[in-house]
Every structure is written in structure tokens, then in C-alpha cells.
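Peer 1: how would this look folded up:
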Amino acid sequence: SFEIKVATVPITYSNYNSINSALNVTALSPGNISSRTISNLPPGQLYYMAIRTKDSANMYSKISPNSTFYTYAIAPDPVNSISINTSSGGLITLNWTVTGDDGNTGNLNPGYFRIDYSTDPSHSFSNSIYMIQISTIANAGSQQFYNLSNLIGNATYYATVYIGDDVTLYSGLSQIAQIVTQAYPPTLISFSNINHSSFTISFNADNSIGTEYYVQISSYSNFNVYLSSGWLTSNTITFSDLEPNTTYYVRAKARNFSGIETVYSNFGSVYLPKISDTYSPQIPQVNSNISGGIFTLFWSEVKQDIRSNPIQIKRYEVFRSTSITGLIEKIADVSSNTLSYSQAISGNYWYFVRAADINNNYSANSMWHSNFQEYVRTVADDNKAVVNIPSDLNNELNTQKMVLVLENKPEMEIGSVIASYRLSLKKNNNDVIYQDLSNNVTLIMPLSKSAGIKVNYKPQISYSQYDYAVYYDNGVEEVKLGGIVNPADGTVSVETKKTGTFKVRQVIRAQGFEITQTVPKKIFTPNGDGIFDDFNIIFENPEGLAIKDAKVYDLTGREIADLSKGTYNYKDSLMWNGKDKDGKIMPAGIYIYQFKAGDKYYNGTMVLAR
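Peer 2: Just a heads-up that it's a prediction; the model follows:
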């Protein structure tokens, strides 16, 4: 008989007994040729075969030399359906259709995909060379994809896919697909060489050499108007002949060799300094009117800077907003020889004007004018407090070339002081003046940092009219003015003719009529030096009692004069200027004031000194 053994390793005496017999053949005559079939061997495998014989006495021959053979296997067909697309910088997606386990039939279970790619057009593609191998289970004819990321931007890539079966045999090469990757958007490295008229932008991107970039700069954050570099291959660009004292916003994009552009990258902004030894223009003196549904602003020509040096104005800029805390939008650039601007009324807006000279120095904002209020406004520098100014007083200040300025004083906001502001008159040459105004203005200040002058504002805090009061610092003492608390917008207001420092304090206020203070305490000196020229009686009147019979008497009881409205708080103060009813200056002495609040009389003494 013959004993035939087949194995995937060489057959030797040491492993012979451990290998199962593949076939036993008996009763063969010497010299006869015999053939047999061994089946169910896995395909594509290298096999070793050895034979030994046994006679009737059960004696074995030596093991024959090993013979080798391969079983036959069918590799998957080459992939010829590869497509590539790109959707962002350095990213490509390979798409293909599975052929089969054997040729183009049979499912892969398991199977393999080998992916190879290169930017080298002469790259040698072979199914034994690959960048990525993926184990898979996939049906013949199914659609597959794979994303390749972090590739070079704007580079031509060549790619192919091989399919391997469970043997493992791999398909051959059929198709090499190619595509140009999208470029990466550029990223800012730095702004450099910054001066009043130019600056340099340096940027980078992981793109191939020759990628084109497009850079824009604009003094508008929305890039409505802009300067551009044009398409360039350099990673640096210098913009020159720019305007000084201006913030420029910068953005850039790239495009690949196929003309596909990236989105813009925001590079932020850069400020070009003002030209040294130049100063801001004087504030435009603005008036307004309404006629036939048209709102018109008009102003006097600005000819000097704040140091009274002659300057050349380049333009006037007109802004508007629905409130002092709302979005402020520039609605017009008006040429230097045009001193007005008109707009049809289509909603409630506040407007202001500023001047810009040829060196791009800007004036402070003018008074705010509205198309729905009779008064104009000065807005504080923190946009949380305002002064409402009657039109006639604004006209008077325009004639005198002065404006009212309101500045927040945060260094005074300590302890019980909720808010502090300084109201002053500023001349066109920037001189600051503190003097009584010829008419009352309404000063409105916030009761907290979250409150302020807004449209349709509903504060989250409940404000009580008895918890806050306005104080005025007259240089000697703080005078309690009281004021009207508006819980709807979280503000307190006073009508006053005073300029100087005002504070909002959190205090307990009277809930009935009460004289809170006289300024000065007793002695006043009406000599025109601006120091205690009148005597003020300041009171709290939360019930709004009628004030009547406000008189001044001498010690004999003779009526001298009427008490007039005070300069500290127009609604809640009375004042005497030291003159009789005919305007005659009264001699030094002790005088009596008396008035009636509701049904009760109040009186006291004051000393006029000469």
C-alpha cells in the first residue's frame, strides 16, 4: 500500500506522524501507474507532498523526497471605478465599487482594501506597495469610500485602490485617479512695519508652492469698501498710502490650481497711528429741524483744531442709533463743503455728527439730535448717562461755541455711590468751564451698571424711589438734590442749572415733604464772584405738594422778594439772589424765607453778607 501525506510545511521524519494522511492506496501491482484526486484544499496555497510504501510484512520504505505544488486561486478583478472629490483644504474622498472575491463575483468575507497615493506623477504603483490597508466585509458591487485628510493643500494627488480576498490574493492595477486638493485658508503670522500710512501682513498655509492668495483690508468691519492685493503667490503683502489714525480690518483667502477658492480667513485688525503733532478738529456745532417728513441736520464749518490751529476738513460723518446703547451706524460721509444732511423720517432715531481732517483726526461727537424729541442730548463717555438740553440752550451754546460734556468718574463710585458723572462746558479750544447754565437741563444717571437709557428696556432689578438720591458736589459739601427715580429703566433724573460733579447714592429718602438742606448753611455773598451768590433751599417733595407763597421778608416782616426756582434742582428747590422785586440789591442783614407746601408753612433765616 501507499501512504500519501500533504501539508503546508515541509514533511520530515520529525513531523511525519503528526500529519494526517491525505490518501491511502492499496493492492497496486508493481510497475502500474496510478492517479488519485485530493480535494477540499484551500486555494492559492503552497503545499508539500510525501509518500512511503508498506509491504505485506508491514515494513515501511523511506519517506520520498517532498514535491511541492500550489492549489489554483482566482484574485479579485482590478478596480476600474475610482472617483475622487475634494470638499475642503487637504481633504480628498476616494470612491469605488467592489469587484468580487473571485474576479467580479463573490463577497469579501473577510477581505481587504489597500490604498496607495502620491503627489509624484512617476510613482510606481503595485499592490504590494500601499499607504493604508483596511480589513473589511463587503458585498460584490457595493459602493465604498475613504477620506484622506491632512494632505498638502493645492497639490495634485494620484491614487488607486487594490482589493484583497481571504486567500489573500490582491487585484492588479487598473486605474489611477487624480485630483487637485483644495487649498487651505491662510492663517495670520503677524502685522509688521506699522506706521501712519502703511503696514505689512505675513501669513502662512500648508499649501503647495505657487498657491495664490487674495488679501483685503477695509476700515469697515463689513468690508463694504475695501482695498485688495489681487491674486498673488507671495505670503507677504504691504499696503501703503493708507489713512492714519484708522483701524483696518484684514481678511484673506486662497485658491487652488483648479480655481476653487477657500472661504475668507479673518486676520483681525490693525491700528495705524495718527500723525504726530496733529490734533482733533473742534466739535461741529449742530442744529436740526423737521419739514415735510424730512429730518435735516445742519452745522457750522469746522476750521480749527482743539488748539485753535487752522486745519483742513476732509469730510463730516453722520451717525444714527435707536438709543444711546443701541447699534451706532454711520449713514453718510459728507464732503467738507457740505454742511447739512437730510433723511426721510422712517422711524425714531438719534443722530450725531463728527468731523475728520485730512490727517484722519476725528472730532468728538456733536450733540445728539433726534427726529422725535424737542431736546438734544449729550451722551456720557460710557453710554449710560445723558443730559437732555432744551433747543434754545443748545442754540445759545452753539453761538458761544461751547458744548456740554458728560464724563463718567468711576474712581468716585465707591461705598454708597452707585454712579458718578462730571458735567462741564467745553469750548472749541478744549478749555473746560464750570458755570451755571442759563436754562435747566435734565441729567439722567443709571441706578446700576446694568441700567441706562434704552428703548423698550425692562430692568431685572426692582428700583424704589425711596432708595436712591442725586448729590451735587459744590466744592464745599455734597448737596442732596433727591431726583426722580424711574423704575421702568433704572435711572434717576434731576433738572439743574449746575455744572460739576453729580453722584447717585443708595440712601433712605423722605417719604413726606422735608427740607433737606440749605446752600450755603446761612451766609451767602451775592457779589458776582460765582461763590454762594444765591441762597438755595432744597427739599424732598415725594407727594408732589404744591409750593405756594414763597417769599423773602426782612426782620420787620416787610415783604422783600419772591423766592424763585433754584439752580440746584429746578423742581425741588427755591432760591433768592439777594435782590428785591425791582432788582435792587439789598443791604447786608438777616432775612427770613417762608413758603407753603400743601397746607403747611415752612420758614427759616438766612444771612446776606457784603
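
Peer 1: where do the helices sit along the chain?
Peer 2: Here the chain has its helices, by DSSP state H, at 391-399.

Peer 1: In it, where is pLDDT below threshold?
Peer 2: Within the chain, the segments meeting pLDDT under 70 span 449-466.

Peer 1: Show me this protein divided up by domain.
Peer 2: As given by automatic domain parsing, the domain ranges for the chain are 2-70, 83-180, 187-272, 279-373, 381-509, 517-608.

Peer 1: of those domains, which approaches Pro76 most closely?
Peer 2: Smallest distance to Pro76 across the domains of the chain (Cβ to Cβ): 4.1 Å, for domain 83-180. No exception for glycine: its C-beta is placed from N, CA and C like everyone else's.

Peer 1: From the opening residue of that closest one to its closing one, how far?
Peer 2: Terminal residues of domain 83-180 lie 13 Å apart, using Cα to Cα, to the nearest Å.

Peer 1: now swap in stretch 349-365 and tell me
Peer 2: In stretch 349-365, first residue to last residue: 16 Å (Cα to Cα).

Peer 1: What of stretch 116-134?
Peer 2: End-to-end span of stretch 116-134 (Cα to Cα): 12 Å.

Peer 1: So which residues make contact with it?
Peer 2: If you take Cβ atoms under 8 Å, 6 or more residues apart in numbering as the criterion, stretch 116-134 is touched by 112-115, 146, 148, 152, 155-160, 162, 164, 170-173, 176.

Peer 1: Name only those of these that count as buried.
Peer 2: With burial judged by 16 or more other Cβ atoms under 10 Å, the buried subset of those is 112-115, 148, 152, 155-160, 162, 164, 170-171.

Peer 1: and which of those is nearest to Asn439?
Peer 2: Distance to Asn439 across those (Cβ to Cβ) is lowest for Ile152, with 72.9 Å.

Peer 1: is it true that that closest one touches Leu91?
Peer 2: No. Counting by Cβ atoms under 8 Å, Ile152 does not reach Leu91; the two are 11.2 Å apart.

Peer 1: Common neighbours of those two, please.
Peer 2: Shared contacts of Ile152 and Leu91, defined by Cβ under 8 Å, 6+ apart, are found at Thr181.

Peer 1: Contact partners for Thr105?
Peer 2: Shown in contact with Thr105 (Cβ under 8 Å, 6+ apart): Ala140.

Peer 1: Buried residues in stretch 336-350, which are they?
Peer 2: Judged by neighbour count (16+ other Cβ under 10 Å), stretch 336-350 contains these buried residues: Ser336, Leu339, Tyr341, Gln343, Tyr349, Trp350.

Peer 1: And Asn224, how far from Tyr271?
Peer 2: Distance from Asn224 to Tyr271, counting by Cβ to Cβ, to the nearest Å: 20 Å.

Peer 1: Counting neighbours, go ahead and name the busier of these two.
Peer 2: Between Asn224 and Tyr271, counted using other Cβ atoms under 10 Å, the more crowded position is Tyr271 (13 against 8).

Peer 1: Just give the nearest non-adjacent residue to the more buried one, would you?
Peer 2: Counting by Cβ to Cβ, 6 or more residues apart in numbering, Tyr271 lies nearest to Thr247, which is 4.9 Å off, once chain neighbours are set aside.

Peer 1: Report how many residues lie close to that neighbour.
Peer 2: For Thr247, the count of nearby residues is 12 (other Cβ under 10 Å).

Peer 1: No further queries at this time; thank you.
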